Structure formats: C-alpha cells, structure tokens
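Next comes the sequence, and after it the predicted model I'd like to discuss.
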Amino acid sequence: MQYRLDERSGNRLSILGFGCMRFSRGVGGIDMQKAERLILSAIEGGVNYFDTAYLYAGSEATLGAVLSKNNVRSKVYIATKLPIAKCRSNADFDRFLDAQLSALSTNYLDYYLMHNINSLAQWNELCALGICEWISEKKVAGKLKQIGFSFHGAKDEFVKVLDAYDWDFCQIQYNYANEHYQAGVDGLKKAAKKHIPIIIMEPLLGGKLANGLSRPALETFKKVNAAISPAAWGLRWLWNQPEVTVVLSGMNETAQLEDNLTIANLSAPNMLSADEKAAYEKVLEIFKSTDKVPCTGCSYCMPCPQGVNIPACFASYNASYTHGRITSLAMYITSTAANRNEKALASRCVGCKKCEGHCPQKLEISHELAAVKHRMEPFLFSLAMKTMRKRAK
C-alpha cells in the first residue's frame, strides 16, 4: 500500500480508504460476517483509513464491533461525522458524539467531520451554537484528533467554508465526471494550498464509472489498455493528482477490494500518459450523453412517504440510455417491485419534495421522476410486467 502524508498531524494515510456507507445488507441488516472479512482483508492489505457516519444505519456499530473483536483499533484511523442537520442545541453535539464513541467501541476519533456542510451560513449557525468552543474542549480532552467537513455545495461556498475555520482536513465529491462540479478541481487545489489532507468521496460516482459505462465508453478505454478495469480507470485518474490524499471506495465484494488494492499499489502522482488523458476526455463526452440524472445512489432521499424507490428509478432510467430499453425495463420492474403487490414506481410520486431537501446532489427529484415515469412506464411496461408474472408462475 502507498501512503500520503497528512501534514497537519503527521499521520501517513493509505491512498485507498474504506468507505463504510455501502456495507452489504441482508434481510436482518448489515451482513456482519461479510463486513468483517472485508475490513480485516483491507487492513491486511494496508488500508488504514475507514470512513463512516452516524447517518449510515448500522455502519458505525459494524465497524466498531469488527475492530474491537479483532483488537485492531490501533492499526486504523476512524473517520466519522456529526449529523449537523439534527443538531438544534449545544447539548446535541455531546449527545451524538457519545453515541458514536459507544457504537465504535472507542474513546477517541481520529478524523471527525461536520457532515454535509454546503454553505457558510450552515457553518455560522453551528458557530452560534458554540461548535468552535466545543471542538476545542474535545480536542483538549483527547476525544477528537482532527476536525474537518464534508461538502456537497457550490464551489464559491466551499471556498468560504474552507477559509472560515482552521480545518485539519476536508472531504469532497470528486471524479473524472465531476472535475468541475461542486468543490471541483479548483476547490481541490485551494485546499491543497492550505496543506490539509483532502479525502475523496464518490470516486466512481456511486458505481456508475465502474459498472454504468456504455459499450462505446468501455471500448475507448480498452483501446488504450484492455487490462485496466473501468473502476481502476476512475481511481487512477484521482491518484494521478498529488493534491489527493485518500480516495474512499465503498467496497462490498472481495473482488472489488483486491482490484482496488492492486491498482493502488501501482499508482503514483503524474503517472497518466497523453493517450490515457485523451481517453478520459472521450469517455466523459460519451458518459455525459447517457447519464441523464446524476444520482449517486446514496439513498439520503429515502424513505419516500409514498414508497417510491428513488435511487432504483434513476438507476433504471439512466440504464435505459446506456444499455437499452429492454434491459433497463426488466431492471425497473424488478427493483421497484412492480411485479409484486408492493410497488415503488416513479408514478407514485405526488410532488411533496420532501426528498429534495436531503439530496446532496441538489436534484429536482420530483421533476426527474416525472421523466422516469414517461420513459419507463409506457404501454410496453404493462406488457413486460405481465410476461414476468407468467414466468414467475
């Protein structure tokens, strides 16, 4: 494993971080045995940065249980997040932190983020509640080591937030499809000038850059290097940039972990050739023509009061442009349970817009769901559903 230096703390952080938001789940919740295997394999492979959050249901407790059971807490840096949207008073800071320390089976946190700060106004509201004094108190007590923030807003607001406090690190959404989106490359370089670590989330855009590329895009990459997987192309683009410290990957399969470990060990700043850079540009043009709704599948919008499976609707809708209507229609019917009694179709949306206030991508979800309904629920939809029901019998 390769490591990059956190100049603020002196910590050497693995360039590949483990994103714990997408642990595999079964009927009873997170698959603990599978999560344990992956976490321990990642540590054995040199990964020492694990990212979770209070809002990731069961994630903190899973990570904490695995680290405690196997006595490997001291081998890793835990990063988790304060759910600032739920904080109404100074007392809430302690309430959430105490719950997180308990869930993670630890008495300190290495990297603690203000979760999803999107504007200076949000930070000022926290300051009015006494967050700065609280942070200082917890640092002195040794409960919090490094303080940062995760960001999903506009670039101008990112710069304002970055300059508003003496941050120890920050976390941004960044990938080759989002080079100029949200904080973007300008925000990346601005943070790097402050000599703070920059943690990258959504490096593969919720898996789209790994599993959602169209055939022309895949062929473009293969012409340059057929041995590199689409996921590896996405990660190499990031590790090519010296400003990037850690790239988080939500690995929930052994094959994903092994592939990511391999490419991490072979990556270095400024490694991309001219042909490789040109391939990214071509693939990006193709990708933009098929990625109609930039949903990452984070599920912050869920649950929907009407039962709409919003991420599944958007995934199927995008797939209809990438892989064709037939394949995507079957995907839509299955993922929205349209072939069973409980339906989670786009047509169930009533436009309440409750989901839109939670979306990190700031999508106009109700408007986009109308487009999904128009494309995915035509006359052919009912015929396809009847066919699937007959086959099930």
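Cool, got the structure.

use CA for all of it now, contacts and neighbours both
Noted.

From residue 355, how far out is residue 364?
With distances taken as CA to CA, to the nearest Å, residue 364 is found 9 Å from residue 355.

Looking at the two, which is more packed in?
Neighbours were counted for residue 364 and for residue 355 using other CA atoms under 10 Å; residue 355 has more, 21 against 14.

Name all residues that make contact with the more buried one.
300-302, 304, 365 (CA atoms under 8 Å, 6 or more residues apart in numbering).

Would you mind giving the residues you listed as CSV with secondary structure and distance to residue 313 added?
Formatted as CSV, the contacts of residue 355 follow (DSSP: H, G, I helix; E, B strand; the rest coil; distance: CA to CA, whole Å):
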residue, secondary structure, distance to residue 313
300, coil, 14
301, coil, 12
302, coil, 12
304, coil, 12
365, helix, 11
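
By neighbours, which of the residues you listed wins?
residue 365 (22 neighbours).

Where does pLDDT dip in the stretch 201-350 of the chain?
322-327, 337-342 (pLDDT under 70).

Show the secondary-structure elements that the strand or helix carrying residue 331 is packed against.
Here residue 331 sits within helix 325-335, counting by DSSP states H and E. Here helix 325-335 touches helix 310-322, helix 379-392, going by 3 or more CA pairs under 8 Å, 6 or more residues apart in numbering; DSSP states H and E.

all helices for the stretch 201-350 of the chain, in order.
For the stretch 201-350 of the chain, the helices defined by DSSP state H, counting those that start in this stretch cover 208-211, 215-224, 230-239, 254-265, 274-290, 310-322, 325-335.

Can you tell me which of these is nearest to residue 41?
Using CA to CA as the measure, helix 254-265 is the one of the helices of the stretch 201-350 of the chain that comes nearest residue 41, at 8.2 Å.

quick one on the thing from earlier: for the helices of the stretch 201-350 of the chain, please prepare TSV with the additional fields distance to residue 28 and mean neighbour count.
Putting the helices of the stretch 201-350 of the chain into TSV (distance: least, CA to CA, whole Å; neighbours: other CA atoms under 10 Å) gives the following:
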stretch	distance to residue 28	mean neighbour count
helix 208-211	27	20
helix 215-224	37	16
helix 230-239	30	22
helix 254-265	21	17
helix 274-290	35	15
helix 310-322	21	23
helix 325-335	19	19
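
possible to save those helices as JSON lines with distance to residue 86?
Shown next, in JSON lines, are the helices of the stretch 201-350 of the chain (distance: least, CA to CA, whole Å):
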{"stretch": "helix 208-211", "distance to residue 86": "30"}
{"stretch": "helix 215-224", "distance to residue 86": "41"}
{"stretch": "helix 230-239", "distance to residue 86": "32"}
{"stretch": "helix 254-265", "distance to residue 86": "33"}
{"stretch": "helix 274-290", "distance to residue 86": "35"}
{"stretch": "helix 310-322", "distance to residue 86": "23"}
{"stretch": "helix 325-335", "distance to residue 86": "30"}
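
just so I know, which of these lies nearest residue 8?
helix 230-239 (20.3 Å).

contacting residues around the closest one?
15, 175-176, 203-204, 209-211, 218, 221, 244, 247, 259-260, 263-264, 267-269, 272.

about what we covered before: going by distance to residue 168, which of the contacts of residue 355 wins?
When those are compared against residue 168 (criterion: CA to CA), the nearest one is residue 300, at 26.0 Å.

before we move on, the earlier item: following the helix holding residue 331, which helix or strand comes up?
helix 365-376.

Output the contacting helices and strands for that following helix.
Using 3+ CA pairs under 8 Å, 6+ apart: helix 365-376 touches helix 310-322.
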